[in-house]
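1. below is the sequence, then the predicted model.
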Amino acid sequence: MSQAEDIESVDEDGVIESVSGPVVTATDLDARMNDVVYVGDEGLMGEVIEIEGNLTTIQVYEETSGVGPGEPVQNTGEPLSVDLGPGMMDSIYDGVQRPLDVLEDKMGTAFLDRGVDAPGIDLEKKWEFEPTVEEGDTVEPGDAVGVVEETVTIDHKVMVPPDYEGGEVTSIEHGDFTVEETVAELDSGEEIQMHQEWPVREARPAGDKETPTEPLVTGQRVQDGLFPLAKGGTAAIPGPFGSGKTVTQQQLAKWSDADIVVYIGCGERGNEMTEVIEDFPELPDPQTGNPLMARTCLIANTSNMPVAARESCIYTGITIAEYYRDMGYDVALMADSTSRWAEAMREISSRLEEMPGEEGYPAYLAAALSEFYERAGKFQLINGGEGSISVVGAVSPPGGDFSEPVTQNTLRIVKTFWALDADLAERRHFPSINWNESYSLYKDQLDPWWADNVADDWAETRQWAVDVLDEEDELQEIVQLVGKDALPEDQQLTMEVARYIREAWLQQNALHDVDTYCEPDKTYRMLGAIKTFNDEAFDALEAGVPVEEIQDVDAAPRLNRMGTAEEWGEFIDEIESDLADQLRALY
Ligand code: ADP
């Protein structure tokens, strides 16, 4: 059974031998790896990370100043766990799931007092439990026995914990209960409450991973159109300063068709995290009109919070994501940034005097990263359903240098890479996702979805756009040497078409009411209109019309207004027919 034992069940006390920042060693502690312990007279929360003979090494999740040798260490005998239950949506936690009361304590002091072990979910609050099974029904691990309206947006399924046996329901309640009260009993003797604990470093059980075949629709043309992420896929996004990282991430949180968003702010500079904590609660959910927080859980650790809490925040976040996945939801998890997480690992590793690997990172950096991303996927659930976790990890390579170990190891794992580009941002090309450096390995497996849901010739149309952009890239070098006018006319025309692909299609204004979101149909139709221009223009060129005249037709610049057009269907129909009329009239 996974319910935490109370601290009274503590085994034996150990004694602090030394304190080095977040790392404390103790002697005579009877503990296992990953046990949670309370350190010092104040009872600071920590976790056992190494045991050597009689010496136990502990990483402490709180400031250790003033804690000294000789003070006691108590073992809870339980691994670091999160408390999973209703109330997590709309919450803001630190790395060990202590709720941050942001309104009272703005960042900096938002870290709770030392030694306070606040529960992750409200134990007093009553939730209306609506049963979905009856007495006599048989339930297995992972099955729901009832449902709670967690927020206006999210129905929270109360599930038989995965480590239960399951059995026949002998009693089931209906009404208002706290998460600690029993709402169902099974003939196995097991009692079900509305919350369950789970150790964060252990993936919650699930059946097989399936090949993801549905895109996580982001509503952003460059992402959906050229570099799609699958529901259950993994993506990385580097964030050079000023490149539009914040806007890109908020767009993802707002518009992607995930049911649940878990946003882990892992040790970014203090003021950046403050922005997230202040911005998110204000954001509306455009899909429902409710606050975005109604389907979001934020985990916030700034770099001024203790380093060990930063190390754990990734695990806390992904465990929460898995819990909602187990309800059958599609969860999007964003980790910003995994570089700060890796730096936390590096700091702890160096305090442990471990043999450093590349650039001082621990030798297990690659393994830790892949274990984390491994918890993403589209899963067959233990209750027979399906759920997914898509993971988007930001990396912040120092100096934008992608050859450093965290970026390199991440790129080896993730299958979508959205390369935000500071140069594009400077030229005000937004989203500043570089189309030459970005990639998605999900394209082929998602093509059937586009064919079934959008258009049969989607894959061809996209490939045409990619080819035009590639050609432009090559021609660009010549143009820089000799100027555009020196190119043959057909290549000049290709450059013009490529310009429309970039400016009318790839660029998208997040701050415009209409353009901020582009459904897949519109993404397809917009590119189709540019292709119509291309096809009609090349026909005209072949018929002997000079390229200047082709470029001058007045329907062409209207392509740039497709994104912001309210009645886009009619608008695009009209452009396409005008383009054909006007270009054909030239010969
Ligand atoms: P970063 O977080 O990388 O420092 P921001 O996300 O705050 O950068 O973006 C900086 C500015 O760039 C924004 O204030 C906005 O004006 C502009 N910007 C970024 N992305 C977009 C976008 N998709 N559409 C329109 N403007 C954008």
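-> Nice, thanks for sending it over.
2. show me what from the stretch 451-587 of the chain comes close to the ligand.
-> Counting by CB under 6 Å from any ligand atom, the residues of the stretch 451-587 of the chain close to the ligand are 509-511. To be clear about C-beta, it is placed using only N, CA and C from the backbone, and glycine gets the same treatment.
3. possible to save these as CSV with distance to Arg462 and neighbour count?
-> As requested, those are exported to CSV (distance: CB to CB, whole Å; neighbours: other CB atoms under 10 Å):
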residue, distance to Arg462, neighbour count
Asn509, 22, 14
Ala510, 22, 18
Leu511, 26, 8
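4. name the nearest of those residues relative to Gly175.
-> Gly175 has its nearest neighbour among these in Ala510, at 44.7 Å by CB to CB.
5. does the closest one really touch Tyr517, like I thought?
-> No - if you go by CB atoms under 8 Å, Ala510 and Tyr517 don't touch, sitting 9.1 Å apart.
6. which neighbours do those two share?
-> With contacts taken as CB atoms under 8 Å, 6 or more residues apart in numbering, Ala510 and Tyr517 have no neighbour in common.
7. residue ranges in the stretch 101-250 of the chain under the pLDDT threshold?
-> 101-117 (pLDDT under 70).
8. tell me the strands in it, going along the chain?
-> With DSSP state E, counting those that start in this stretch as the criterion, the stretch 101-250 of the chain has strands at 127-131, 138-139, 144-149, 155-159, 167-172, 175-177, 182-186, 191-193, 196-199, 209-210, 234-238.
9. just say which of the ones you listed is most tucked in.
-> When you average the neighbours per residue for each of those (mean count of other CB atoms under 10 Å), strand 234-238 leads with a mean of 26.
10. which neighbouring elements make contact with the helix ranked longest in the chain?
-> Longest helix in the chain, counting residues (DSSP state H): helix 458-482. Under the contact definition 3 or more CB pairs under 8 Å, 6 or more residues apart in numbering; DSSP states H and E, helix 458-482 sits against helix 443-453, helix 489-500, helix 520-542.
11. host element of Tyr263?
-> Applying DSSP states H and E as the criterion places Tyr263 in strand 260-266.
12. how many residues are close by the residue lying closest to Val468 once chain neighbours are set aside?
-> Leaving aside its sequence neighbours, Val468 sits nearest to Ala498 (CB to CB, 6 or more residues apart in numbering; 5.1 Å). For Ala498, the neighbour count with other CB atoms under 10 Å is 22.
13. can you offset everything so residue one is 26?
-> Right, with 26 as the first residue, what we last looked at is Ala523.
14. correct me, but Ala523 touches Asp495?
-> No - the pair formed by Ala523 and Asp495 falls short of the contact definition of CB under 8 Å, at 9.3 Å.
15. what bits of the protein have low per-residue confidence?
-> Those would be 26-37, 126-142, 292-297, 327-330, if you go by pLDDT under 70 across the chain.
16. domain-wise, how is it divided?
-> Domain assignment for the chain by the TED database gives 39-104, 115-129+231-465, 149-223, 480-610.
17. ok, back up a step: ok and the longest helix of the chain relative to helix 468-478, angle-wise?
-> 120 degrees (axes from the mean of the first three to the mean of the last three CA atoms, to 10 degrees).
18. between helix 483-507 and helix 545-567, how big is the angle?
-> 50 degrees.
19. what lies in contact with helix 483-507?
-> 250-251, 460-461, 468, 472, 475-476, 480, 511-512, 516, 519-520, 522-524, 526-527, 530, 549, 552-553, 555-556, 559.
20. how far away from the center of its chain is that helix?
-> Taking CA atoms, centre = their mean, to the nearest Å, the mean C-alpha location of helix 483-507 is offset from the chain mean by 31 Å.
21. now do the buried residues in it.
-> The neighbour-count check on helix 483-507 (16 or more other CB atoms under 10 Å) flags 483-484, 486-487, 489-490, 493-494, 497, 500, 504 as buried.
22. now swap in stretch 388-404 and tell me
-> 390-391, 393-394, 396-398, 400-404.
23. stretch 341-360 too?
-> Using 16+ other CB under 10 Å as the test for burial, stretch 341-360 gives 341-360.
24. now stretch 418-433
-> 418-422, 425, 427, 429-432.
25. first-to-last residue distance for it?
-> End-to-end span of stretch 418-433 (CA to CA, to the nearest Å): 13 Å.
26. show residues contacting it.
-> Residues from elsewhere that reach stretch 418-433, judged by CB under 8 Å, 6+ apart: 259-265, 270, 274, 293, 359-365, 367, 382-384, 386, 390, 394, 397-398, 435-436, 439, 447.
27. please narrow those to those residing in strands.
-> Among the contacts of stretch 418-433, the residues falling in strands (DSSP state E) are 259-263, 359-361.
28. distance of Leu604 relative to Gly102?
-> 73 Å (CB to CB, to the nearest Å).
29. higher neighbour count, the two?
-> Using other CB under 10 Å, the more surrounded residue of Leu604 and Gly102 is Leu604, with 24 against 17.
30. next, the more buried one: secondary structure please.
-> helix (DSSP: H, G, I helix; E, B strand; the rest coil).
31. and this protein, which of its residues are near the ligand?
-> Neighbours of the ligand within the chain, by CB under 6 Å from any ligand atom: 264, 266-272, 455-456, 534-536.
32. quick check: of these, which lies closest to Glu239?
-> For those, the closest approach to Glu239 (CB to CB) belongs to Pro456, at 21.9 Å.
33. check which helix or strand covers that closest one.
-> Using DSSP H and E, Pro456 maps to neither a helix nor a strand.
34. number of residues surrounding it?
-> 25.
35. pretty sure it sits against Gln274.
-> No - using CB under 8 Å, Pro456 is not in contact with Gln274, being 10.8 Å away.
36. hey, where'd the helices end up in the protein?
-> Remark: helices assigned in the chain by DSSP H are 246, 270-280, 295-304, 332-351, 363-376, 390-399, 430-438, 447-451, 468-478, 483-507, 514-525, 545-567, 572-576, 593-609.
37. right, and Ala369 touches Arg335 too?
-> Yes - in this structure Ala369 lies within contact range of Arg335 using CB under 8 Å: 4.0 Å.
38. C-alpha coordinates for stretch 604-612, PDB please?
-> Output of stretch 604-612 as PDB, limited to C-alpha atoms (Å, rounded to 0.1, in the frame of the first residue of the first chain):
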ATOM      1  CA  LEU A 604      -4.700  34.800 -59.000                       C
ATOM      2  CA  ALA A 605      -5.800  32.500 -61.700                       C
ATOM      3  CA  ASP A 606      -7.700  35.200 -63.500                       C
ATOM      4  CA  GLN A 607      -5.100  37.900 -63.300                       C
ATOM      5  CA  LEU A 608      -2.100  35.700 -64.200                       C
ATOM      6  CA  ARG A 609      -3.900  34.000 -67.100                       C
ATOM      7  CA  ALA A 610      -4.900  37.500 -68.400                       C
ATOM      8  CA  LEU A 611      -1.200  38.200 -68.900                       C
ATOM      9  CA  TYR A 612      -0.900  35.800 -71.800                       C
END
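39. who touches that stretch?
-> 554, 557-558, 561-562, 564-565, 568-570, 574-575, 578-581.
40. between all of these, which two are at the greatest distance?
-> The most widely separated members of the contacts of stretch 604-612, counting by CB to CB, are Ala554 and Gly569 (24.8 Å).
41. tell me which of the two has more neighbours.
-> A count of neighbours by other CB under 10 Å puts Ala554 above the other of Ala554 and Gly569, at 25 against 8.
42. quick one: contacts for the residue lying closest to that one once chain neighbours are set aside?
-> Counting by CB to CB, 6+ apart, Ala554 lies nearest to Ile597, which is 5.0 Å off, once chain neighbours are set aside. Ile597 makes contact with 550-551, 553-554, 587, 590, according to CB under 8 Å, 6+ apart.
43. now the two most distant members of these.
-> Farthest pair in the contacts of Ile597 (CB to CB) is Gly553 and Ala590. Separation: 14.3 Å.
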